[in-house]
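Visitor: Quick one: sequence plus predicted model below, questions after.
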Amino acid sequence: SHETHFKSPTITLDEIRSEIQAEIAARQDIQINNQSVITSNLNLQKKRSKSVTFLDELLGDDPKQQK
């Protein structure tokens, strides 16, 4: 008999819905955390690039710097 296929599954729609909502919330939290990490990385890169260009000017073969 095929009746077993039509019995209500052990997981209800409400449970699935709450699982999905929890998953979405978790991913949003991760995105927020990633955003702050990305911005701090950008700030680090800005600081780093300033010091790198300063070193390049000191060590570089730029004729303006040598004379």
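Guide: Right, received. Where do you want to start? Just so it is clear, the structure is predicted and the values come from calculations on it, not from any experiment.
Visitor: And the lengthiest helix in the chain, how far out from the chain middle?
Guide: Longest helix of the chain, by residue count under DSSP state H: helix 13-59. Its chain's C-alpha centre lies 4 Å from the corresponding centre of helix 13-59 when counted by C-alpha atoms, centre = their mean, to the nearest Å.
Visitor: Just the mean pLDDT for it, thanks.
Guide: Helix 13-59 shows a mean pLDDT of 82.
Visitor: What is that helix packed up against?
Guide: The helices and strands touching helix 13-59, judged by 3 or more C-beta pairs under 8 Å, 6 or more residues apart in numbering; DSSP states H and E, number zero. C-beta here means a position set from N, CA and C on the backbone, and glycine is covered the same way.
Visitor: at 10 Å instead, please
Guide: On a contact count with 3 or more C-beta pairs under 10 Å, 6 or more residues apart in numbering; DSSP states H and E, helix 13-59 meets helix 63-66.
Visitor: Mind checking the pLDDT average for the helix it packs on?
Guide: 54.
Visitor: Would you mind measuring from the residue most central in space within the chain to N41?
Guide: Relative to the mean C-alpha position of the chain, the nearest C-alpha, by C-alpha atoms, centre = their mean, is the one of N34, at 3.5 Å. Separation of N34 from N41 (C-beta to C-beta, to the nearest Å): 10 Å.
Visitor: Equivalent analysis for F54, please.
Guide: 20 Å.
Visitor: before we move on, what about Q21?
Guide: Distance, Q21 to N41, by C-beta to C-beta: 30 Å.
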